[in-house]
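Chemist: no sequence on this one, just coordinates:
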């Protein structure tokens, strides 16, 4: 029996590490993406599911490297496989998790080679169809196929330059 338990532990660790690699790639691409909201949402949903299944663990809080509005802010540090991630804290996290101070510059995630499309496939399969549908519904900013902008629509300059003359149009 112990041998079977050891094998399932190894399988869980391998699955968690594979999912962590996909999350790492999603997070890496989200940092430079022009529209990162969906990627960050995929990361958040995946990490929350890993936490609920016990495959990831909240370690504590760290000061954020890039706080909003120059105000001090903390992030939840999550350990999953060989990887470490951060998410914004909930009120409960702020009350219960220990604060670990500033982030250690010596701790780095392992190098990972995985395509963004493959990482998305892995995480979407993991979080399930219902969560993927919710993600896709949030992507309402895109123009429907076949709908084009109207090039004949007149341009009205809301800030006309006095140098160019009143009502100048491009």
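Modeler: Sure, I can see it. Not measured: the values here are computed from a predicted model.

Chemist: which stretches of the chain have low pLDDT?
Modeler: 1-13, 66-71, 129-170 (pLDDT under 70).

Chemist: how about the strands in it?
Modeler: 56-63, 74-80, 83-87 (DSSP state E).

Chemist: Tell me how many other residues crowd residue 110.
Modeler: Using other CB atoms under 10 Å, residue 110 is surrounded by 11 other residues. Where you see a C-beta, it was placed from the backbone N, CA and C, and this is true even at glycine.

Chemist: I meant residue 16, not that one.
Modeler: 20.

Chemist: how close does the residue nearest to it when sequence neighbours are not counted get to residue 91?
Modeler: Closest residue to residue 16 apart from its sequence neighbours, by CB to CB, 6 or more residues apart in numbering: residue 55 at 4.2 Å. Counting by CB to CB, to the nearest Å, the separation of residue 55 from residue 91 is 24 Å.

Chemist: out of those two, which sits in the more crowded spot?
Modeler: Set side by side, residue 55 and residue 91 show more neighbours around residue 55, with 18 against 7, by other CB under 10 Å.

Chemist: Please look at the more buried one and residue 17 and confirm they touch.
Modeler: No - the pair residue 55 and residue 17 does not pass the contact test of CB atoms under 8 Å, sitting 9.5 Å apart.

Chemist: Overlap in contacts, those two.
Modeler: residue 80 (CB atoms under 8 Å, 6 or more residues apart in numbering).

Chemist: ok, now which ones touch the closest residue to residue 80 other than its chain neighbours?
Modeler: Excluding the flanking residues, the one nearest residue 80 by CB to CB, 6+ apart is residue 56, at 3.8 Å. Contacts were defined as CB under 8 Å, 6+ apart; by that measure residue 56 touches 16, 20, 47, 50, 78, 79, 80.

Chemist: Cheers, nothing more for now.
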